[in-house]
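Enquirer: I'd like to go over a predicted model; first the sequence, then the structure.
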Amino acid sequence: MLDVSRLTICEAGAAFRSGRFTPLELTRAYLERIERFDAGLNSFITVTAEAAIDAAGRATDELAAGVDRGPLHGIPLGYKDLFATAGVRTTAGARILADRVATHDATVVRRLADAGAVMLGKLNMLEFAYGVVHPDFGAAHNPWNLEHSSGGSSSGSAVATAAGLCLATLGTDTGGSIRQPAAWCGIVGHKPTYGLVSRAGVDPLSWTLDHVGPMTRTVDDAAVLLEAIAGYDPEDPGSAPTASFRAADLDAVDPGRLRVGVPRNLFEHGVDREVQAIVEGAIQRLASLGMTVEPVQLPGLREIIAAEMVIISAEASAFHLPWVRSRAQDYAELTRDRLEAGMAIPAVHYLEAQRVRRTQIAAAARLHEQVDLLVLPTTAIAAPKMGGETDDPDGPPEGEQADRLRGAIGLTGPFNVMGAPAVSVPCGWTANRLPVGLQLTGRPFEDHIVLAAARAFEAASGESLVLPESAPAR
């Protein structure tokens, strides 16, 4: 079997073109790994093995005939199970949609198919991306330690990428649901600028906060995947008419000339001492690359977190209203409680939350007159042991759970509200060998600058790709 332990999208593409192995051989290798290891990880909901073999065979034949669709031609990928895929079950991790078979592809799925990518299957997630594992599907386990959480809501996407069950995946992020599981599973997760990537054909959680983005093992791979899915889509009302992204633009960025702000007030959101020490070391590495690093303040933090909770809760409940009325018993209990609570939010509170949002976007723009990037931990803690599966940052529960949510979205949620690009890149390990993520964020539509800085950090960190030992061992 092919060794995929250090393989990236860019390396696989080069191997295809040099004749070292074919897309069909690589796809079979990943399907074998899924068969061997995913029973203990639970990252896939549906494996589309037959269709993947057919697509990989076509890619192999096309490349052999000199037909080259680009860097994703023949690359095996997986999609979070709320992306519509024609003829394939698309459950959103929910009993309500357990038997739904999509009749069309989401825009991003179609774009990747046009680029020659091979779909291996659909990935596990928290129910409707709302922060709770539905018992019908169960949790995806962190491959670095199966007893620890993989985060959410894009849990299966992070696990499959980290455990080497595919080369990359797509996830969604409403308050941190790409970045948090990426940090906890030790991979790269990028939340693009709002409007850069279409969400047409993707089940929504919050229309004005949802983002679609890549989850990969390297920053270069994230850039390649982002280029393929970025661009204007008239089917998405939030799509930006001028949306575009080129991976090659990372090469034009000189990381040594970047000004980096450290928002110390965000570190006050319960950041674990060990995580903070690891992140402080990562910030020093940024400075060693020539970046100017200075402390800054991100104002209005408490207000923006409260505003995000109101926006998510109200918009999610509006989308789910018909099912809450007709099939309330089919939701996981906490999901149902959240949706019912959201229906009680007055319109004036929602409108005030959107006003706070506009104020915060303006404040961030003023801050970015001083600095190009902000850097901070992705999460306040490393992956905790699994208990109740409510670790996702994208859903507003009540009482004690609400306090947990505020802590979870305190470091990631503000950048959803602002629509700013943000990436999580691995930056170190705890004493218990759990990954820690560093978060970099910048101005809207400057994704190439954010990713270029992350790539420079990645190169300087000296960590080489390796699969978690716990995935095959258990």
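Expert: Arrived safely. This one's a predicted model, so the numbers in the text were calculated from it and none came from an experiment. Numbers count the residues shown, from 1 in each chain.

Enquirer: residue 10 - that's part of a helix, no?
Expert: Yes. Assessed with DSSP: H, G, I helix; E, B strand; the rest coil, residue 10 lies in a helix.

Enquirer: 54 is where my numbering starts, stick with that
Expert: Taking 54 as the first residue, the last one we looked at is residue 63.

Enquirer: find the nearest non-adjacent residue to it, please.
Expert: residue 273 (5.5 Å; C-beta to C-beta, 6 or more residues apart in numbering). To be clear about C-beta, it is placed using only N, CA and C from the backbone, and glycine gets the same treatment.

Enquirer: what's that neighbour in contact with, if anything?
Expert: 61, 62, 63, 300, 303, 508 (C-beta atoms under 8 Å, 6 or more residues apart in numbering).

Enquirer: neighbours around the fifth one, how many?
Expert: By other C-beta atoms under 10 Å, 22 other residues sit near residue 303.

Enquirer: same thing with the third one?
Expert: Look at residue 63: counted by other C-beta under 10 Å, it has 17 neighbours.

Enquirer: residues touching it, list them.
Expert: 124, 271, 273, 274, 277.

Enquirer: you'd agree residue 476 is in a strand?
Expert: Yes. Going by three-state DSSP, the assignment for residue 476 places it inside a strand.

Enquirer: number of nearby residues for it?
Expert: 30.

Enquirer: that one contacts residue 503, correct?
Expert: Yes. Residue 476 lies in contact with residue 503 (C-beta atoms under 8 Å); the separation is 5.5 Å.

Enquirer: overlap of the contact sets of those two?
Expert: Common neighbours of residue 476 and residue 503 (C-beta under 8 Å, 6+ apart) are 243, 493, 494.

Enquirer: just those now: which is nearest residue 399?
Expert: residue 494 (31.4 Å; C-beta to C-beta).

Enquirer: wait, a helix at that closest one?
Expert: No. The assignment for residue 494 by three-state DSSP gives strand, which leaves it out of any helix.

Enquirer: from residue 111, how far off is the residue sitting furthest away from the middle of the chain?
Expert: Residue farthest from the centre of the chain, counting by C-alpha atoms, centre = their mean, is residue 118 at 35.2 Å. Here the distance between residue 118 and residue 111 works out to 11 Å (C-beta to C-beta, to the nearest Å).

Enquirer: so, low pLDDT: which residues of this protein?
Expert: Within the chain, the stretches with pLDDT under 70 are 54, 322, 441-461, 516-518, 522-527.

Enquirer: quick one, strands of it?
Expert: 97-100, 129-133, 171-176, 221-226, 241-244, 264-269, 312-316, 345-349, 426-430, 475-482, 488-495 (DSSP state E).

Enquirer: how far out from the middle of the chain is the second one?
Expert: Computed by C-alpha atoms, centre = their mean, to the nearest Å, the separation of strand 129-133 from the middle of its chain amounts to 12 Å.

Enquirer: what of the first one?
Expert: Taking C-alpha atoms, centre = their mean, the mean C-alpha location of strand 97-100 is offset from the chain mean by 18 Å.

Enquirer: elements contacting that strand?
Expert: For strand 97-100, the elements it packs on are helix 76-94, strand 171-176, helix 208-215, judged by 3 or more C-beta pairs under 8 Å, 6 or more residues apart in numbering; DSSP states H and E.

Enquirer: from the centroid of this structure, which residue is nearest?
Expert: Geometric middle of the chain (C-alpha atoms, centre = their mean) lands on residue 231, at 2.1 Å.

Enquirer: list the buried ones in the helix ranked longest in the chain?
Expert: Assignment by DSSP state H gives helix 354-380 as the longest helix of the chain. For helix 354-380, burial by neighbour count (16 or more other C-beta atoms under 10 Å) applies to 354, 357-373, 376-377.

Enquirer: what's the angle from it to strand 312-316?
Expert: 70 degrees (axes from the mean of the first three to the mean of the last three C-alpha atoms, to 10 degrees).

Enquirer: same for helix 354-380, what does it pack against?
Expert: Partner elements for helix 354-380 (3+ C-beta pairs under 8 Å, 6+ apart): helix 386-395, helix 400-420, helix 452-462, helix 466-470.
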